[in-house]
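> Pasting the sequence and the predicted model now:
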Amino acid sequence: MWLVFLKELKELVRDRKTLFFMIALPILVFPLIIGVVGYFSTKAIEDAQTKVLSYAIVGGQYAPAINQKMSETEVFNLVDIDENQNFNQLISEGTVDFILEIPANYSDQVLDSGQAIVKLYLNDSGLNLVFNRVDEIVKEQVKIQRELAFDTLGLNEQQQKALLRPIVLEKVNTADNRENWGEKIGGMVPYFIFILCLQGAMFPATDLGAGEKERGTLETLLISPTERYKLVLGKFFTVAFAGLTAALITVSSMAIWGLILSQGMAIEFVVNFMSSIGAIDFVLMFLMLVPVVAIFASVLLSLSIYARSFKEAQSYMGTLVILVIIPIILAALPGVELKGGWAWVPLTNVALAIKELIKGTMDYFQLFAIFGSTAIIAAALIAFCIYWFNKEKVLFR
């Protein structure tokens with residue numbers, strides 16, 4: 001068995017594609033995703049904030065202050081339109097980005113004129129920040145009119161606050177920063193870890209089963225004096241080793257890059273969040289991935305043994321990726337917690353446990369249920385893989 005393992009491991013190390021998915025991808029994927037998403041998100045927001053918007057104003061004579069403020073701002077470009085034209089059509093054709101309609105009852109004396117409803121016509125389907133940019137100008141005028149009304153009524157500062165907000169609901173969050181941020185990002189981490197572990201095991205599994213069929217080396221291996229179950233276990237440990245390597249590098253990369261990025265960006269809450277996750281939590285994350293990788297390795301090896309060709313094996317394994325995503329989505333749903341029966345649901349329980357470890361709210365007694373249920377399933381799938389490999393109609397279909 002160990003001779004088979006060492007032989008397959010040597011071939012695995014020689015394969016550059018497999019090494020990339022085992023080592024390079026986990027190391028690069030986290031900073032790359034964070035960097036790319038952060039860059040394009042920041043750029044998109046900056047472009048939306050600085051874009052010069054073409055606009056038209058209807059009833060501008062009723063609100064000279066708003067009209068003057070917008071005309072003085074360089075990021076707005078006034079366009080003359082016919083007030084009888086269809087506003088929706090003008091915006092859809094790109095003649096203007098938005099149209100501001102001022103009502104006739106608009107006045108600085110709000111106590112006399114009452115509430116004025118200013119309509120903003122725009123296409124709000126994309127990230128354009130039109131409403132926010134116009135709202136800033138409108139809020140300035142609201143503040144001025146409010147102060148004029150308060151002066152007329154003779155209200156002091158405390159009376160003004162009480163009139164604007166008679167009752168204030170103040171939120172007192174009992175969760176610490178680690179729990180807050182763990183809840184936000186904890187559901188995403190298992191997704192990346194599971195997919196990377198699956199990909200790390202997928203390529204060697206495809207080669208050790210379907211690949212040997214295509215190369216014609218499977219028959220030579222079968223006539224060797226080594227017992228079949230040892231052949232299977234040798235191949236299984238090779239696939240599992242690749243998956244575990246990807247898992248270890250993924251967890252290590254997550255910890256290392258989190259600290260590097262937080263220090264480099266000088267973000268205090270990120271530094272505090274990453275430093276609050278102890279080494280034991282990262283070790284437990286890795287240990288929980290051991291039976292998960294065993295499940296992946298046994299299923300992938302079974303599919304590879306069953307497939308007639310390398311291409312067929314890849315098509316089967318592509319479907320497996322979708323099946324792996326489903327339990328991760330379940331773990332991210334509201335109300336799904338690591339309690340009761342969820343601690344026994346395979347893959348979902350590990351995803352929930354990783355989330356709880358990141359949050360710092362892990363009930364460590366649940367680890368017995370998680371390790372127990374996952375290990376039982378992994379052992380059953382390994383036994384099935386051995387049984388599958390012993391069927392001639394599967395090997396030579």
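Okay, I see it.

> C-alpha only now, for contacts and for neighbours.
Fine.

> sec struct for residue 96, please.
Counting by DSSP: H, G, I helix; E, B strand; the rest coil, the backbone at residue 96 sits in coil.

> and what of residue 107?
Once three-state DSSP is applied, residue 107 turns out coil.

> Please list all residues in contact with it.
Contacts for residue 107 (CA atoms under 8 Å, 6 or more residues apart in numbering) come out as 62-63, 113, 116.

> Any of these buried? List them.
Neighbour-count burial (16 or more other CA atoms under 10 Å) is assigned, among those, to 62-63.

> Determine which two of the contacts of residue 107 are furthest apart.
Spanning the widest gap among these are 63 and 113, at 12.9 Å by CA to CA.

> ok, residue 349 touching residue 343?
Yes: using CA atoms under 8 Å, residue 349 makes contact with residue 343 at a distance of 4.9 Å.

> Overlap of the contact sets of these two?
residue 370.

> neighbour count winner among those two?
residue 349 (29 against 24; other CA atoms under 10 Å).

> Quick check: that one vs residue 341, distance?
9 Å (CA to CA, to the nearest Å).

> cool, and residue 316?
Following CA to CA, the distance that separates residue 316 from residue 341 is 30 Å.

> Kindly report the same for residue 365.
14 Å.

> Pass me the low-pLDDT residue ranges in the stretch 51-200 of the chain, would you?
126-128, 175 (pLDDT under 70).

> do that again at 90, thanks
51-53, 59-95, 97, 104-117, 122-166, 168-200 (pLDDT under 90).

> can you pull out the helices in it?
With DSSP state H, counting those that start in this stretch as the criterion, the stretch 51-200 of the chain has helices at 64-72, 87-92, 110-113, 130-153, 157-164, 177-185, 189-206.

> what about stretch 168-179, how long is it end to end?
26 Å.

> cool, and stretch 100-112?
23 Å.

> Okay, now the unreliable bits of the stretch 251-397 of the chain?
Using pLDDT under 90, the stretch 251-397 of the chain drops low at 251-293, 301-375, 385-397.

> Next, please give the residue ranges for the helices of it.
Under DSSP H, counting those that start in this stretch, the stretch 251-397 of the chain gives helices at 268-276, 279-306, 310-332, 348-359, 366-389, 392-395.

> Which positions within the second one qualify as buried?
Translated: helix 279-306. Here helix 279-306 shows 281-282, 285-286, 288-306 as buried, counting by 16+ other CA under 10 Å.

> quick revisit: between residue 316 and residue 341, point out the one with more neighbours.
Each of residue 316 and residue 341 has its neighbours counted (other CA under 10 Å); residue 316 has more, 15 against 10.

> Can you tell me how far that one is from residue 295?
Distance from residue 316 to residue 295, by CA to CA: 16 Å.

> cool, and residue 282?
21 Å.

> could you point out the longest strand in the chain?
strand 53-58 (DSSP state E).

> between that strand and helix 130-153, how big is the angle?
Interaxial angle of strand 53-58 relative to helix 130-153 (axes from the mean of the first three to the mean of the last three CA atoms, to 10 degrees): 40 degrees.

> I'd like to know which elements strand 53-58 is packed against.
Judged by 3 or more CA pairs under 8 Å, 6 or more residues apart in numbering; DSSP states H and E, strand 53-58 is in contact with strand 76-78, strand 98-101.

> Out of those strands, which one sits most buried?
Counting by mean count of other CA atoms under 10 Å, strand 98-101 has the highest mean neighbour count of the helices and strands packed on strand 53-58, with a mean of 20.

> picking up where we left off before, would you reformat the helices and strands packed on strand 53-58 as a markdown table and include distance to residue 374?
Converted to a markdown table, the helices and strands packed on strand 53-58 look like this (distance: least, CA to CA, whole Å):
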| stretch | distance to residue 374 |
| --- | --- |
| strand 76-78 | 60 |
| strand 98-101 | 57 |
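
> To residue 155, which of these lies closest?
strand 98-101 (31.8 Å).

> residues making contact with the closest one?
So strand 98-101 is contacted by 53-60, 87, 91, 118-123, 130 (CA under 8 Å, 6+ apart).
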